[in-house]
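S.K.: pasting the sequence and the predicted model now:
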Amino acid sequence: MNTIQKEYAEKLVSAEKAVEVVKSGDNIFYGEFTMFPEALDEALAARIMDLKDIRVRSISFTQPPKIVLADPKKEHVIMEDWHCGVVSRKLIDKGMCYYIPVTYHQGPRIVRKYLDVDVVMISVCSMDENGYFNLGPSNSGTAAHIDKAKTVIVEVKANAPTCLGGNSESVHISRVDYIVEGNNKPMLQLPEVIPTENDYKIADFVMKEIEDGSCLQLGIGGLPNVIGANIASSDLKDLGIHTEMLVDSCVDMYNAGRITGKKKSIDVGKMVYTFAMGTDKLYNFLHNNPVCASYPVNYCNDPRIVALNDKVIAINSALEVDLFSQVCSETAGTRHISGTGGQLDYIFAAFASHGGKGLICLNSTHTDKKGNVTSRIRPTLTPGSVVTVPRSIVQYIVTEYGIVQLKGKSTWQRAEDLISIAHPDFRDDLIKEAQTLNIWAKSNKDDNY
Ligand SMILES: CC(=O)SCCNC(=O)CCNC(=O)[C@H](O)C(C)(C)COP(=O)(O)OP(=O)(O)OC[C@H]1O[C@@H](n2cnc3c(N)ncnc32)[C@H](O)[C@@H]1OP(=O)(O)O
Ligand SMILES: CCCC(=O)O
């Protein structure tokens, strides 16, 4: 047994033993995205009633923590998330979770500057021969939390893909206090999102903005899937990837020969990302693959870094846009839906990139669960809705009716452009509202709506 193996044996404990380190008042950080620490969470849930004033945080919980489900009245633990996916959205609806506002690239700096972290509990890959535990597909803010942590507990998830960096993609055993061997449940598989007819129409507008050598950021969902498939079957050349989230469609684009990363200015030839979520297609592709580079989000999403690449095309989605061109992507009124995430980072970066374009895409209407159809282009945002991209930063808006570029345009021009891509059934009312709001001018388009 070499020294590293000896250290491993000394630090290896059961989950129950490891969580004994947690004491009342502790701030705990759980592994992000797919690297949720299941065995540790279960063990801590068994003793949560003996603790008080616990705070548990992560970046996008992908499963409800058992410590939180065990304490619905929040008498022992408060859950907070830096980004709300479906899991946290449901818990926020029930008053069982709180959102931490952040523009994603600033997260690690905020942690290092302002936060106390008592215990980090993360899932990691098996230790390598040099004593490093790879963080798998969740780099993001994990290194910053480890830096601040008093105690680091890793839960080995032997079936997680080893995701090469970049930087900060691993933690060394010397920084780890306890090692727990986890249950190796299969990696989280994101369900396939079936694109809508409108997604195809929006994708057609987006495709026209992508050219040979473009450097892409695209996220999750039906629309990015269509765009990925369109790119894969196009004759576009030498595309690059510098994205926050690596998804299955990146694999398709790469395998189709569209991605070479040759035209990038930084990380040439590499597909850069800060976290990855998808299906086994993605995880198998990532495993030990040097064409992918995992970075902490303070690098991956920093607009000053992203914009070093030319022709950055950022493709993001929104919930609603008002006639003043404010974009809301994270709440529906006061109901919390998502988070700022990297949207602002990448919209900012794309404009700063030579030849770059920041696109916000949305269906022109929303149909609620009762079948009521409303326009997502609204006179003003729904009361309580949060501005994700301010009007001073927004560039392109895309719906199934077209694409408009808003930079340099005044309020009436923006209102006019936005109404031109609203659903036709709502345009007359929107014009009336724009007139009332004093953002409508007698223009040559007046009679054409
Ligand atoms: C992971 C990445 O995307 S990386 C990109 C950078 N990060 C970001 O852009 C973060 C902000 N953006 C996002 O989170 C997403 O793009 C979103 C939320 C804007 C859109 O995501 P989608 O998956 O298309 O949203 P979806 O249509 O499923 O709606 C999500 C919820 O909002 C509700 N919703 C959507 N639009 C509206 C609306 N106009 N009014 C009220 N509720 C709405 C839906 O009903 C659904 O609620 P449910 O969970 O109760 O069913
Ligand atoms: C954690 C951030 C995810 C997103 O940008 O949507």
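M.R.: In hand now; what should we look at? Residues are numbered from 1 along each chain as shown. Ligands and ions are numbered 1, 2, ... in the order given.

S.K.: assumed residue 344 was part of a helix.
M.R.: Yes: assessed with DSSP: H, G, I helix; E, B strand; the rest coil, residue 344 lies in a helix.

S.K.: quick one: the residue of the stretch 101-250 of the chain found nearest ligand 1 from residue 318, how far?
M.R.: Distances between the stretch 101-250 of the chain and ligand 1 by Cβ to the nearest ligand atom are smallest at residue 219, namely 2.5 Å. C-beta coordinates here come from the backbone N, C-alpha and C atoms, glycine included. For residue 219, the distance to residue 318 equals 12 Å [Cβ to Cβ, to the nearest Å].

S.K.: who has more neighbours, the two?
M.R.: residue 318 (22 against 18; other Cβ atoms under 10 Å).

S.K.: anything in the longest helix seen in the chain near ligand 1?
M.R.: Selection of the longest helix in the chain by residue count, based on DSSP state H, yields helix 424-436. No: using Cβ under 6 Å from any ligand atom, helix 424-436 never reaches ligand 1; the gap is at least 12.7 Å.

S.K.: now the residue of the stretch 101-250 of the chain closest to ligand 1: closest residue in space that isn't a chain neighbour?
M.R.: For residue 219, ignoring the flanking residues on the chain, the nearest one in space by Cβ to Cβ, 6 or more residues apart in numbering is residue 245 at 5.4 Å.

S.K.: thought the one you found was touching residue 273?
M.R.: Yes: shown here, residue 245 and residue 273 form a contact pair, counting by Cβ atoms under 8 Å, at 6.5 Å.

S.K.: what about these two, which has more around it?
M.R.: More crowded of residue 245 and residue 273, by other Cβ under 10 Å: residue 273, with 27 against 23.

S.K.: which residues touch the more buried one?
M.R.: Taking Cβ atoms under 8 Å, 6 or more residues apart in numbering as the contact definition, residue 273 lies against 241, 243-246, 292-295, 300.

S.K.: how about 7 Å then?
M.R.: 243-246, 292, 294, 300 (Cβ atoms under 7 Å, 6 or more residues apart in numbering).

S.K.: which two among these are spaced furthest apart?
M.R.: Within those, 244 and 292 form the most distant pair, 13.6 Å apart (Cβ to Cβ).

S.K.: so which residues on the stretch 251-400 of the chain come close to ligand 1?
M.R.: Looking at ligand 1, the residues of the stretch 251-400 of the chain close enough under Cβ under 6 Å from any ligand atom are 316-320, 329-330, 332, 337-339, 341-343, 366, 376.

S.K.: out of the residues you listed, list just those in strands.
M.R.: Using DSSP state E, the members of those that fall in strands are 316-317, 320, 332, 366.

S.K.: out of those, grab the one that's most surrounded.
M.R.: residue 316 (27 neighbours).

S.K.: tell me the contacts of that residue?
M.R.: Residue 316 neighbours (Cβ under 7 Å, 6+ apart): 219, 343, 346-347, 359-360.

S.K.: if the closest residue to residue 385 other than its chain neighbours is in a bridge, with which residues?
M.R.: Nearest residue to residue 385, sequence neighbours excluded (Cβ to Cβ, 6+ apart): residue 328, at 4.3 Å. Per DSSP bridges, residues listed as beta-bridge partners of residue 328: residue 320.

S.K.: count of neighbours near residue 328?
M.R.: Every residue meeting other Cβ under 10 Å relative to residue 328 is counted, giving 25.
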